[in-house]
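In: Whatever this is, show me its structure:
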Amino acid sequence: MKDTATAFEYDLGKLDRTAWVEQVDEIADDFGYSEPVGPNHTAVLIDAGRTLLVAFETVPNVRKHNDGHAPLGWGFVQSHGWSSLTLLADAGTDWFRHPAVFGYFDRLIDDGFFDDFDQILFYGSGAAGYAAAAYSVAAPDTRVLAIQPQATLDPALARWDQRHMDARRLDFTSRFGYAPMMVETAETVSILHDPTVIEDAMHASLFQGENTVHFSCPFLGPNADRALNVMDVLPELIEMAMDGDLTRANFATLWRARQSYGPYLRTLMHRLDADEQHERLLLRLCRHINAAGNRPAFRKKLAELEARGVSV
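Out: Residues are numbered from 1 along each chain as shown. Below you'll find the predicted structure:
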């Protein structure tokens, strides 16, 4: 039998969408399967080791933001020998609420698919984070890592979230509906969010189970998963979550990467600059950043502060 981790190779760069889909299907057929799930979703399995990453993603995000333009789990097939099951949405998203997706997970449950694995992690971000939490109930005692997930978009429970008005037509009250309830059977649930994004903070607060740990990523913005990936900490974050090692102390170590991440630093500078009471903190920040490297925006702001006589 092939060592899948060694034999698994792919090149998905510089392909148009049609060619990309065809190549993903071909590779999946060699190592597992690619199967349509209703009109808007595809299940892509790479069958390797007894550790399984179940990821929810959209085709546009994978092609635009993922390393190698490949489903997130494929990198872990190569580097760790994990198996990878990816639920791909064709575009936008319907929060993976199509009845065909319900049926697909019902079939996995009936076939005892998840019983073949020693460790399982459900992962997603945003709408896909909602899906990761909601469908984790299909594999009791699994682990969940959800970045900025919605708990529900049922207007009766989340009317305060005005960002996704079209999604209110979806049914969040039937099967696999309310994500905080669906994670009750999970072993561990890790929820990451930026508390300065108020709607994300409110959704996160609805995940209150004893098995749930919250991790705060202030000033990382509405696309924290992309930022964490650019910071090169997302793979280690997923690995820790899979192994049950994602503690607040370990996360704090990873979170230090923000100290050299330009978008975070600029956001922090603008936040401090908006409040005159934080001038001294802003001065310290600019001096620290300038000492670490040449960043013109911080050098300019430092000169302005010093010209006004601000001091620590």
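In: the helices in the stretch 101-250 of the chain, which residues?
Out: With DSSP state H, counting those that start in this stretch applied, the stretch 101-250 of the chain shows helices at 127-135, 155-158, 179-182, 198-205, 224-230, 234-243, 248-255, listed in chain order.
In: Dump those to JSON lines, plus mean pLDDT, distance to D116 and mean neighbour count.
Out: Every C-beta, even on glycine, is put in place using the N, C-alpha and C of the backbone. Formatted as JSON lines, the helices of the stretch 101-250 of the chain follow (pLDDT from 0 to 100; distance: least, CB to CB, whole Å; neighbours: other CB atoms under 10 Å):
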{"stretch": "helix 127-135", "mean pLDDT": "98", "distance to D116": "17", "mean neighbour count": "29"}
{"stretch": "helix 155-158", "mean pLDDT": "94", "distance to D116": "36", "mean neighbour count": "14"}
{"stretch": "helix 179-182", "mean pLDDT": "98", "distance to D116": "22", "mean neighbour count": "22"}
{"stretch": "helix 198-205", "mean pLDDT": "97", "distance to D116": "32", "mean neighbour count": "19"}
{"stretch": "helix 224-230", "mean pLDDT": "95", "distance to D116": "28", "mean neighbour count": "20"}
{"stretch": "helix 234-243", "mean pLDDT": "98", "distance to D116": "16", "mean neighbour count": "19"}
{"stretch": "helix 248-255", "mean pLDDT": "97", "distance to D116": "28", "mean neighbour count": "14"}
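In: Figure out which of these is closest to F76.
Out: Closest of those to F76 is helix 234-243, at 7.3 Å (criterion: CB to CB).
In: Any idea how far apart the tips of stretch 10-26 sit?
Out: Length of stretch 10-26, first residue to last, CA to CA, to the nearest Å: 10 Å.
In: For the helices of the stretch 101-250 of the chain, give me CSV that also has distance to L170.
Out: Listed next are the helices of the stretch 101-250 of the chain as CSV, based on distance: least, CB to CB, whole Å:
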stretch, distance to L170
helix 127-135, 10
helix 155-158, 11
helix 179-182, 13
helix 198-205, 15
helix 224-230, 22
helix 234-243, 27
helix 248-255, 32
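In: Q148: which of these is closest?
Out: helix 198-205 (4.7 Å).
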